[in-house]
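Asker: sequence and predicted structure, then a few things I'm wondering about:
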Amino acid sequence: CRRGYEGLPGPLCHGVITKDGRVHLVGYGRANHAGFGDDEVLRAVIAEKGLPPDNEANTDGNRHFYGFECENLGDGKDPWPAVQLEAIEKAAAAVCRYHGWNERSVIGHLEWQPGKVDPRGFTMSSMRGRIRDRLK
């Protein structure tokens, strides 16, 4: 995540959230985590409105979004420990609180870029609900 790999330089995210609930700072500034996604989704996130379907990949999300990689196999079977879900919630809420955003500023890869399937094992809608409640 810090160094990247051949063909994609790091950092590949701003933070990594591990199964034990720790949040590790990996990078700052621009990170190669989001790739190209849908400009209509970006506009909805900025306006903090409901998300349209992600049916295009025409906008570089790396310059617009914070990115957290969350330790998981991504197969829909690997569990998400409660402490990890709480850390995801807290990290996202902290970023939102700092910027004065609400929970609609938080999206998952699967909502940004056609073909992305993560996260699997919890819904972004449920996570946004948790973030909304924490921000109250």
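Answerer: Received the coordinates, thanks.

Asker: next, the buried residues of the helix ranked longest in the chain.
Answerer: What stands out as the longest helix in the chain, according to DSSP state H, is helix 82-99. Of all the residues in helix 82-99, those buried under the rule 16 or more other Cβ atoms under 10 Å are 84-85, 87-93, 95-96. All C-beta spots, glycine's among them, are computed from the backbone N, C-alpha and C.

Asker: which helices and strands does that helix pack with?
Answerer: strand 15-17, strand 23-25, strand 68-70, helix 124-135 (3 or more Cβ pairs under 8 Å, 6 or more residues apart in numbering; DSSP states H and E).

Asker: for Lys49, which of the ones you listed is the nearest?
Answerer: Lys49 lies closest, by Cβ to Cβ, to one member of the helices and strands packed on helix 82-99: helix 124-135, at 12.6 Å.

Asker: okay, the angle between that closest one and helix 82-99?
Answerer: On the basis of axes from the mean of the first three to the mean of the last three Cα atoms, to 10 degrees, helix 124-135 is oriented at 60 degrees to helix 82-99.

Asker: mean confidence (pLDDT) on stretch 22-30, please.
Answerer: Average pLDDT, stretch 22-30: 95.

Asker: any idea which of the buried residues of helix 82-99 is closest to Arg63?
Answerer: Comparing the buried residues of helix 82-99 against Arg63 with Cβ to Cβ places Val95 closest, at 16.0 Å.

Asker: ok, that closest one - contacts?
Answerer: 66, 101 (Cβ atoms under 8 Å, 6 or more residues apart in numbering).

Asker: which pair of the buried residues of helix 82-99 spans the longest distance?
Answerer: Taking Cβ to Cβ as the measure, the buried residues of helix 82-99 have their most distant pair in Gln84 and Cys96, spaced 18.7 Å apart.

Asker: need the helices and strands packed on helix 82-99 in JSON lines with distance to Asn62 and mean neighbour count, can you?
Answerer: JSON lines is the format used below for those (distance: least, Cβ to Cβ, whole Å; neighbours: other Cβ atoms under 10 Å):
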{"stretch": "strand 15-17", "distance to Asn62": "15", "mean neighbour count": "21"}
{"stretch": "strand 23-25", "distance to Asn62": "17", "mean neighbour count": "15"}
{"stretch": "strand 68-70", "distance to Asn62": "14", "mean neighbour count": "21"}
{"stretch": "helix 124-135", "distance to Asn62": "19", "mean neighbour count": "16"}
